[in-house]
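# Build me a structure from this.
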Amino acid sequence: MKKSNRTGRRNTPEGCNFWQRARFARIGTNTATQRRGYTIAPATLCVRCSRPAVSGRDRGFAATSLAFCNFQRCALGNRAFTLIEVLVALAVMSVLGVLIVQMISATGSTSRMSNRLVDAASQARLAFDRIGLDLGNLVKRDDADFVAGNPATDGDALLFLSELASPNLSELASPKLNRTLSLVAYRLAAHSDNTDAAGASRICLLRAGMPILWAQGNATFMGLRSDGLPVQLSGYVSTLLPAEADYFDVLAPGVLQMVVGFQLYPDNQAVTCKDGTLILHALGQTVYSPPVRAAPLAGYIDLSRISAIVVGLVTVDLESLKLLNASDAAALSAKFQVPITGQMPVAAWTPIINTLIAASAPGPLPVRQSLRVSQRVYPITPSL
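Numbers count the residues shown, from 1 in each chain. Presented below is the predicted three-dimensional model:
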């Protein structure tokens, strides 16, 4: 009898689990339905979604006439967010927004800095290519003088004869006057074509190419003097040498410092430099005072003892240059002194840039961060 009661209860909605109740609901109607000889009561539907449901008492709630289904989505369907949940979501979104903004800002700053360094390198490349072209056509003769030094102590960094034609207004009327020989000079000085916001001239790299004409008279710039010594370029009067107003043009406005070094020919012989330094054994060292000839040619640079010319530059990009006034440009240039013997410009000047970035002056921080040091070596075939 008890077994019959349990069996009969399982075949009614009150004695079945949820899914069995759902099955009864699919075959049930609003009136009693006969199935296999049993009477099936009308299905109880959820008051929210009309799914098969159980009463509030069966779900553990207080006795109520309302019925709810066991679907969580239905149970939470009409529930709103609490104030705490909204505040937590806003806090999380704020933190994520700050992180995203910082990442975008850092990426943009890195990109701008990279572009500035590339622009600064292009200023150095412009100067290096022009110097290489002129030195590649250097006149290496015993009767042709060659002047080289460093702007801080010697004025012109380079002054020599080059087998390149330079333009001259006078040759428009008589072009045959140009004999494809020029006096080339490089100088680091302020120029009126490179000014700051106040109109003051900034320091930059200048180049002059003065043509030597056939009709130049006695000013041949090459040959021997009456005492048998070569004609010395420094002995000419200023009117016969390139003048800044007439021949010097701005080659690279972003160049703040230039140094010229001389790699000694490794012949293991003694070398005397222009500043009086005596090197007993030339083993390819880099010196920053040119080797000179022995008496009676003392004072003449000896190209036969030079295997290569080393040029070092400190540059800044043109956008950062707009933030730099003339006095700060000169102060930054003075920070980069001539390296010691045996040291290359990049090795000597890179720590100085790191020191300037950590300091508060001279010049704005973006300018100091954009400084770049470059060097290039130009092999020189020793003259015989």
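# alpha carbons only for contacts and neighbour counts from here, please
Noted.
# How many residues are close by Leu133?
Using other CA atoms under 10 Å, Leu133 has 12 neighbouring residues.
# Now Met93. Its backbone dihedrals?
phi -70, psi -30 (degrees, to the nearest 10).
# Kindly report the same for the one 3 residues further on.
With angles defined as degrees, to the nearest 10, Leu96 sits at phi -60, psi -40.
# before we move on, what about Asp317?
Per degrees, to the nearest 10, the backbone of Asp317 is at phi -70, psi 160.
# And it, what's its pLDDT?
Looking at Asp317, its pLDDT stands at 89.
# The stretch 201-350 of the chain: helices as residue ranges?
According to DSSP state H, counting those that start in this stretch, the stretch 201-350 of the chain carries its helices in the segments 318-321, 326-335, 345-358.
# Nearest spatial neighbour of Pro366, chain-adjacent residues omitted?
Counting by CA to CA, 6 or more residues apart in numbering, Ser320 is the residue found nearest to Pro366 once chain neighbours are left out, at 6.7 Å.
# before we move on, back to that, Arg187 is nearest to which of the helices of the stretch 201-350 of the chain?
When the helices of the stretch 201-350 of the chain are compared by CA to CA, helix 326-335 sits nearest Arg187, at 13.7 Å.
# Which elements pack onto the closest one?
Helices and strands touching helix 326-335, by 3 or more CA pairs under 8 Å, 6 or more residues apart in numbering; DSSP states H and E, are strand 201-213, strand 255-264.
# Kindly calculate the angle that the first one makes with helix 326-335.
Spelled out, it's strand 201-213. 70 degrees (axes from the mean of the first three to the mean of the last three CA atoms, to 10 degrees).
# May I have strand 201-213 as CSV, with CA atoms only?
C-alpha atoms of strand 201-213 as CSV (Å, rounded to 0.1, in the frame of the first residue of the first chain):
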residue,chain,number,x,y,z
SER,A,201,72.8,84.7,-33.9
ARG,A,202,73.3,81.1,-32.7
ILE,A,203,76.5,79.0,-33.1
CYS,A,204,76.4,76.5,-35.9
LEU,A,205,78.6,74.8,-38.5
LEU,A,206,79.6,77.0,-41.4
ARG,A,207,81.3,76.1,-44.7
ALA,A,208,83.0,78.2,-47.3
GLY,A,209,84.0,77.3,-50.8
MET,A,210,86.0,80.1,-52.5
PRO,A,211,86.9,79.5,-56.1
ILE,A,212,90.5,80.1,-57.2
LEU,A,213,90.4,81.7,-60.6
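# Look up phi and psi at Pro296.
phi -90, psi 10.
# distance of it from Pro230?
According to CA to CA, to the nearest Å, Pro296 and Pro230 sit 11 Å apart.
# So which of those two has more stuff around it?
Neighbours were counted for Pro296 and for Pro230 using other CA under 10 Å; Pro230 has more, 19 against 8.
# Which strand residues bridge the more buried one?
As for beta bridges, Pro230 partners with Leu224 under DSSP bridges.
# confidence score at it?
Reported pLDDT for Pro230: 71.
# Surely it and Asp143 touch.
Yes. With contact defined as CA atoms under 8 Å, Pro230 counts as touching Asp143 (4.6 Å).
# what stretches of the stretch 1-150 of the chain score poorly on pLDDT?
Applying pLDDT under 70 to the stretch 1-150 of the chain flags residues 1-79.
# how about a cut-off of 50?
Residue ranges of the stretch 1-150 of the chain with pLDDT under 50: 1-13, 15, 24, 26-41, 55-64, 73, 76.
# same deal with the stretch 251-384 of the chain?
In the stretch 251-384 of the chain, residues with pLDDT under 50: 384.
# ok, the closest residue to Ser327 other than its chain neighbours to Val311 distance?
Excluding its sequence neighbours, the residue lying closest to Ser327 (CA to CA, 6+ apart) is Arg202, at 7.8 Å. Going from Arg202 to Val311 by CA to CA gives 21 Å.
# show me what contacts Pro151?
By CA atoms under 8 Å, 6 or more residues apart in numbering, the residues touching Pro151 are 157, 187-188, 258-259.
# Quick check: beta-bridge partners of Asp249?
Arg207.
# Next, find the distance separating it from Leu133.
17 Å.
# now Ser109
In this view, Ser109 and Leu133 are 36 Å apart by CA to CA.
# what's the neighbour count on Ile352?
13.
# er, Ser122 I mean
Neighbour count for Ser122, taken as other CA under 10 Å: 17.
# In a strand, it, correct?
No. According to DSSP: H, G, I helix; E, B strand; the rest coil, Ser122 belongs to no strand; its state is helix.
# Distance check, Asp145 against Ile380.
Distance, Asp145 to Ile380, by CA to CA: 15 Å.
# ditto for Arg116
Applying CA to CA to Arg116 and Ile380 gives a distance of 33 Å.
# Between the two, which has more neighbouring residues?
Under the neighbour definition other CA under 10 Å, Arg116 and Ile380 were set side by side, and Arg116 has more, 23 against 20.
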